[in-house]
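Student: need coordinates for the below:
(4 chains)
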Amino acid sequence: MTLQHFFSMGGYARYVWPCYGLVIGLLLVNWWLPLRRKRYIIKMLARRMAYLDKEALAKERQGE
Amino acid sequence: MWTFIHKLGSPKHCYRIAGYFIPYLGTISIVCFIYGLVGGLILAPADYQQGDGFRIIYVHVPSAFLSLSVYMVMALSATVSLIWRIKMADVITKVSAPLGATFTFLALVTGSLWGKPMWGTYWVWDARLTSELILLFLYVGYMALESALEDRHMAARASNILVLVGVVNIPIIHYSVVWWNTLHQGASISLLNKPTIAPSMLYPLLAMLVAFMAFFFAVMLMRARCEILLREQKSNWVKELVQTT
Amino acid sequence: MNGQNNINTEVAPLLNAQNLLCERGERVLFANLSLSLYAHQALHVRGVNGSGKTSLLRILCGLLPAVEGEIYWCGRDVRHCQHEYRAQLAYVGHKSGIKAELTAQENLRTAQMLLAHAPACSPTDALDRLGLANVINLPCGLLSAGQQQRVALARLLVSGARVWILDEPFTALDQNIVALVSALIVEHVQAGGAVMLTSHQVVALPGIELNYFTLN
Amino acid sequence: MVEASHKLYVKKAVPASAWRACLQVLRRDLLLSLRRRSEFSNPLFFYVIVVSLFPLAISPAPKTLQMIAPGVIWVAALLATLLALEHLFRSDYDDGSLEQLVLSPHPLAALVFAKVVAHWLVTGLPLLLLTPMLAMFLHLSAQQTSILLLTLFLGTPTLSLLGAVGAALTVGLRNRGLLLALLILPLYIPVLIFAVASVVNAGVGVVVTGQLAVLGALCVLALCLTPVTTAAALKVTLT
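Tutor: Below you'll find the model as predicted:
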């Protein structure tokens, strides 16, 4: 199983490597997307809560 | 047992349970994936007929298997949601669909790439490839209906019904396509029937299967957690969580 | 029948709802709301726009499933007596439910057939009572909005249902027709039925005492 | 002020049973279709136009036309049914009579089945009546035409029934035309396969009772399962 033979995949390299590349690529993308989305959601919710707190504060001050 | 199911109903609990399982599933999938890759690409002997081209099955067969079993997972959670009205089941159905569609697309591409050396053309109207294609249409139809309806509850229930209609039709579509295939191309060997598998070839395949399954459940739970956060953003456990992180 | 209709609250209410919760999109319209409607009673549901009046009515007539809460018909859970609950309840919403191409009579005949309960009166009688005798054979598409609303209300008479749930029944109606419809409501309540309605106008029901239910 | 002495409850008519309610819904829908001819004549013109495009597009030679005829006619029938499904629940949804249907104590599945039968009589049946002319357009033999009519007779009810589920799921949406096709066309594939195969086999002289039996089975399956599913879908999308 020489290294050169491994890369040429017995002449089928043109089909085997794109397959594996695509599969691993898409799986990594699918794994990474929810991570990024969760960070984004947490940040968005934090910003929204900060905004609501500020508003509540402003209303209290008007109340006094 | 019953309290466990009842607990599943509460989003907070689901979020925690999902968080607990994700690392385990992740490690299982990575370990099996590496073993499968090494076993499949290096250790397994070349097939006497198809040479090294057959190594594509280590990617094609798991994604084909996953494309169907993800639809079954969606059908199961759709039934649970429709009958016992557990809202968390809607989350699972909704987040699994894109993953199922990805696996179906992978199965199609790897199938056609495998077909090129064997049959000389990229697309072959082989029975299994055709039913994969139709399965992809079912996924796309589900996702289109899910996103078209604005109201969350209605969207969930309507698309659950569509999943159940789809699951009843999958065997019908599959066997009619297989019958149609034999009608037009005679009983030629189907592209995808696995060549006689020596054990050294089989174990990497099983490892890849486990790797794909673990990967699916891990990513599905991660996406479910995001969906739960969005849906329960007003509840205070989410507020605390947002503050602590 | 004396002016004050005697609501005996000992007998189970015709329609009873326990801690309903209703959401629209992400907003909670109302939570743990309880309400009951007795025979011989007319209930006016009041509330500002968007306070969920229409959703409440749609929940009570079974069109909209409540996120939480139970609905009872004559003391029994609605899910166990679906047939009787639906046969005895008539709903007139914002949309009239009238086919524009059909004449008023044809519309009412279908409505009559759709309700299993013994139909009270024939379509022609119902249309007479609502002063639509002269337009019986006209396609409803040619009728004015007020006339179409009256055809929808005629459906109540034809259906013979005991509980009427009316969503803004008096819109697009002129004064004497409002009086006519009010008289029908009074007659129905005195005959043992129950009416729940929403309206932005002042509702005058001579002869019976009108209860109120406000949604904040 | 109308004097209220006139007794409200005049006479006790017999309560309408579910069966008579369904008949009444069927009669009402047929009456409606007669008064709104454009709604069901458009799909028929579409059917004829699409079929007559193919000789122009491919070739007028009788040989090739005969080969592609079953597939062309069946795909055109499929698309025509899909077009006609738009109006199955849409008009009732807009003017609120769909709500009255859902509120009725009679089983909604039966009422919906009556509506689908009315829809089939208005679109499926005319498709059947037009087919001999189109078969002649495409030089189909008499034997094949008869089998084609039989497959259409067995197939179009299944198309209408399955389409009704899709129509019910997408009734509330604005841009539902394309979505309905996306949802329902994959489910039409088995009917298409077996129908076209039996017409092609009939041309070659092969015995086609097997395929027709499967078509009949699909029709019966649709008859049993879809009305309940459509009713459930309506109750969901009507809120």
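Student: burial of the nearest residue to residue C:114 once chain neighbours are set aside, as a residue count?
Tutor: Closest residue in space to residue C:114, ignoring its immediate chain neighbours: residue D:104 at 4.0 Å, by CB to CB, 6 or more residues apart in numbering or on different chains. C-beta: built from backbone N, CA, C; applies to glycine. As a burial measure, residue D:104 scores 24 neighbours (other CB atoms under 10 Å in any protein chain shown).
Student: phi first, then psi, for residue D:104.
Tutor: Here is the backbone geometry of residue D:104 (degrees, to the nearest 10): phi -70, psi 140.
Student: equivalent analysis for residue C:33, please.
Tutor: Main-chain dihedrals, residue C:33, degrees, to the nearest 10: phi -100, psi 130.
Student: residue D:140 too?
Tutor: Residue torsions, per degrees, to the nearest 10, at residue D:140 are phi -80, psi 150.
Student: contacts only, for it.
Tutor: Contact analysis of residue D:140 by CB atoms under 8 Å, 6 or more residues apart in numbering or on different chains lists D:66, D:69-70, D:148, D:203.
Student: 6 Å instead?
Tutor: The contact partners of residue D:140, taken as CB atoms under 6 Å, 6 or more residues apart in numbering or on different chains, are residue D:69.
Student: can you check residue B:139 too?
Tutor: Taking CB under 6 Å, 6+ apart, we find residue B:139 in contact with B:97, B:100-101.
Student: residue of chain C closest to chain A, please.
Tutor: Of all residues in chain C, the one sitting closest to chain A is residue C:26 (12.3 Å; CB to the nearest CB).
Student: who in chain B is up against chain A?
Tutor: Applying CB under 6 Å from any CB of the partner chain, we find that chain B lies next to chain A at B:46, B:51-53, B:55-56, B:59, B:102, B:106, B:110, B:113, B:116-117, B:219, B:222-223, B:226, B:229, B:233, B:242, B:245.
Student: would you mind listing which of these are buried?
Tutor: Buried subset of those (neighbour count, 16 or more other CB atoms under 10 Å in any protein chain shown): B:46, B:52-53, B:55-56, B:59, B:102, B:106, B:110, B:113, B:116-117, B:219, B:222-223, B:226, B:229, B:233, B:242.
Student: inside helices: which ones of the residues you listed?
Tutor: With DSSP state H as the criterion, helices contain B:59, B:102, B:106, B:110, B:113, B:116-117, B:219, B:222-223, B:226, B:229, B:242 from among those.
Student: any idea which helix is longest in chain A?
Tutor: In chain A, taking DSSP H as the definition, the longest helix is helix A:13-63.
Student: oh, I was asking about chain D
Tutor: Every helix in chain D considered (DSSP H), the longest is helix D:62-95.
Student: which residues touch the helix or strand following that helix?
Tutor: Downstream of helix D:62-95, the next assigned helix or strand under DSSP states H and E is helix D:97-103. Contacts to helix D:97-103, defined as CB under 6 Å, 6+ apart, come from residues C:91, C:97, D:92, D:111, D:238.
Student: same check, this time on stretch B:65-81
Tutor: Contacts of stretch B:65-81 (CB under 6 Å, 6+ apart): B:86, B:89-90, B:92-93, B:96, B:99-100, B:103-104, B:107, B:135, B:160, B:163-164, B:167, B:212, B:216.
Student: just want the residue of chain B that's nearest chain A.
Tutor: Closest contact between chain B and chain A, by CB to the nearest CB, is at residue B:52 (3.5 Å).
Student: residues contacting residue D:28?
Tutor: Residue D:28 makes contact with residue C:110, according to CB under 6 Å, 6+ apart.
Student: off-centre distance for stretch C:87-106?
Tutor: Relative to the centre of its chain, stretch C:87-106 is centred 12 Å away, using CA atoms, centre = their mean, to the nearest Å.
Student: got the buried residues for it?
Tutor: Residues C:87-93, C:95-106 are the ones in stretch C:87-106 that count as buried (16+ other CB under 10 Å).
Student: rewinding a little: go ahead and confirm the residue nearest to residue C:114 touches residue C:113.
Tutor: No. In this structure, residue D:104 is not within contact of residue C:113 by CB atoms under 6 Å, at 8.8 Å.
Student: can you list the low-confidence ranges for the chain?
Tutor: Just so you know, I chose chain A. Counting by pLDDT under 70, chain A has low-confidence residues at A:1.
Student: oops, I was thinking of chain B
Tutor: Within chain B, the stretches with pLDDT under 70 are B:1-2, B:4-8, B:186-197.
Student: list the residues that contact residue B:205.
Tutor: Residue B:205 is in contact with residue B:58, counting by CB under 6 Å, 6+ apart.
Student: quick one: the helices in chain B, in order.
Tutor: Per DSSP H, chain B carries helices over the ranges B:2-9, B:11-38, B:57-84, B:87-119, B:127-148, B:152-185, B:199-231, B:236-244.
Student: quick check on residue C:28: phi, psi?
Tutor: The phi/psi pair for residue C:28 (degrees, to the nearest 10) is phi -90, psi 120.
Student: report pLDDT for it.
Tutor: Residue C:28 is assigned 84 on the pLDDT scale.
Student: please apply the same query to residue D:212.
Tutor: Taking residue D:212 on its own, its pLDDT is 94.
Student: buried stuff in the helix or strand hosting it?
Tutor: Taking DSSP H and E as the criterion, residue D:212 maps to helix D:209-237. For helix D:209-237, the neighbour count (16+ other CB under 10 Å) marks D:211-212, D:214-215, D:218-219, D:221-222, D:225-237 as buried.
Student: and stretch C:51-63, by the same measure?
Tutor: C:51-63.
Student: cool, stretch B:65-83 as well?
Tutor: Neighbour-count burial for stretch B:65-83, counted by 16+ other CB under 10 Å, picks out B:65-71, B:73-75, B:77-82.
Student: centre of the chain versus it, how much separation?
Tutor: Distance, stretch centre to chain centre, for stretch B:65-83: 10 Å (CA atoms, centre = their mean).
Student: please consider this matter closed, and thank you.
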